[in-house]
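>>> here is my input, please return the structure:
(one chain, ligands or ions: 2)
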Amino acid sequence: MTDTLTLRRPDDWHLHLRDGDMLRAVLPHTAAHFARAIIMPNLVPPVVTLSDAQAYHARIIAALPEGAAFTPLMTLYLTEDTDPDDVEAAHASGLVHAVKLYPAGATTNSASGVTNFEKVAPVFDRMAAIGLPLCTHGEVTDADVDIFDREAVFIDRVLDPIRRQHPDLRVVMEHITTSNAVDYIHANDTNIAATITTHHLVINRNHILAGGVKPHYYCLPVAKRESHRLALRAAATSGDTRFFLGTDSAPHTDAGKLQACGCAGCFTAPNTLSILAEVFEQEGALEQLEAFTSRNGPAFYGLPVNEDTITLTRQAPSYPRNIDTLDGPVTIFDPDMPLHWRVT
Ligand code: NCD
Ligand code: ZN
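Ligands and ions are numbered 1, 2, ... in the order given. Reported below is the predicted structural model:
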């Protein structure tokens, strides 16, 4: 039995860092383990232009702990007014690595997202021409579509038509939660990849709803039934280069989560690697962990892999139930199982 695991330093291909006091509180937890992360642009107001991204990038760098080596890979929030020339300049700046599509109203701070996809077709054309990936929050928002079906319906009604109209557009289906998404990836091998979160490998919808509602397990896209979780675990641990880690670590204060209309998001930055090692070991696939956390993502984004490494040892990790922020406590995701791997 292996007792140490050395991996190329991981990257997180989908991360919420927020801003201000929350940014300063959560960033050290990601920077401690990860070399780079794709930074979500859903601030209020959102990060829409290159100049917004430059300013947010500077605030992240300023919030880094002394001596931390961490590179934020910025994204632009796609709106119906996004200017293709600004997107091209953003890509050329070397700072911006993707454009994020939120269907309007799909999730936290997505009010400025897209309703009319025809309006953004010129942006997609430009992105396809310059090779800049589109990251998708893959859920439709129609009130008449059941929340558990919104990802599958998005694939049929939105994603597949966009990809047919823009075959050269490189797309990341983010935080996939269904076997439908896994099947879609398997059936399409060019210009497409998917990120999978830590928590969706661990929880199904029973964790949220059975025996009392558990707001800390509520995130979007919402966890689905067990068969979908098993499909995600098979995909993540398969070594298939089209699947890689995007934690979607999304901190909200306990006050924000524990209310009549609670916020969506799980905060997994501090314990993600311990949980992933556990999941991969349960699946008998520890040898695939590095591909998922450290190799497949850079390959899709056209970036070099990290040269330095991190080591996990077989030892129970210790971390608090929550972290303190000046906005209030933020609960760390509880994997609801014993963990045996600690980052050393
Ligand atoms: C994210 C957030 O809080 O910003 N929440 C979540 O449940 N994942 C938004 C998102 O990625 O959907
Ligand atoms: Zn997210």
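
>>> test my guess that Ser238 contacts Gln288.
Yes - in terms of CB atoms under 8 Å, Ser238 counts as a neighbour of Gln288; the distance is 6.9 Å. C-betas here are computed from N, CA, C, even on glycine.

>>> what are the phi and psi values for His199?
phi -70, psi -30 (degrees, to the nearest 10).

>>> repeat that for Trp341.
According to degrees, to the nearest 10, Trp341 has phi -130, psi 140.

>>> Pro133 too?
According to degrees, to the nearest 10, Pro133 has phi -70, psi 150.

>>> number of nearby residues for it?
23 (other CB atoms under 10 Å).

>>> kindly report the same for the one 10 residues further on.
Other residues near Ala143 number 5, with proximity taken as other CB under 10 Å.

>>> and it, what element?
Using DSSP states H and E, Ala143 maps to neither a helix nor a strand.

>>> pLDDT value on it, please?
Among the per-residue scores, Ala143 holds a pLDDT of 94.

>>> before we move on, what about the one 3 residues further on?
Among the per-residue scores, Asp146 shows a pLDDT of 98.

>>> before we move on, what about Pro65?
pLDDT at Pro65 comes out at 96.

>>> and for it, nearest residue in space, chain neighbours not counted?
Leaving out its chain neighbours, the residue that sits closest to Pro65 by CB to CB, 6 or more residues apart in numbering is Pro28, at 4.9 Å.

>>> so which bits of the helix or strand hosting the one you found are buried?
Per DSSP H and E: Pro28 is located in helix 20-31. Residues of helix 20-31 classed as buried: 22-31 (neighbour count, 16 or more other CB atoms under 10 Å).

>>> what parts of the stretch 201-344 of the chain come near ligand 1?
Neighbours of ligand 1 within the stretch 201-344 of the chain, by CB under 6 Å from any ligand atom: 219-220, 248, 250, 264-265.

>>> most widely separated two among those?
Of all pairs drawn from these, the widest gap by CB to CB lies between Asp248 and Ala264 and measures 10.0 Å.

>>> mutual contacts of these two, please.
Counting by CB atoms under 8 Å, 6 or more residues apart in numbering, the contacts common to Asp248 and Ala264 are Cys219.

>>> out of the two, which sits in the more crowded spot?
Asp248 (27 against 16).

>>> distance of the more buried one relative to Gly94?
Applying CB to CB, to the nearest Å, the value for Asp248 to Gly94 is 25 Å.

>>> now do the phi/psi pair for Met74.
According to degrees, to the nearest 10, Met74 has phi -80, psi 160.

>>> list the contacts of it.
39, 41, 47, 53, 56-57, 90, 95-97.

>>> ditto for His166
Contacts of His166 (CB under 8 Å, 6+ apart): 121, 124-125, 128.

>>> tell me which stretches of the stretch 1-150 of the chain form helices.
20-31, 50-63, 84-92, 121-130, 150-154 (DSSP state H, counting those that start in this stretch).

>>> CSV for those helices, including distance to Ala269?
What follows is the helices of the stretch 1-150 of the chain, written out as CSV (distance: least, CB to CB, whole Å):
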stretch, distance to Ala269
helix 20-31, 4
helix 50-63, 14
helix 84-92, 26
helix 121-130, 28
helix 150-154, 24
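
>>> out of those, the one nearest Asn191 is which?
helix 121-130 (8.6 Å).

>>> report the inter-axis angle for the closest one versus helix 84-92.
30 degrees (axes from the mean of the first three to the mean of the last three CA atoms, to 10 degrees).
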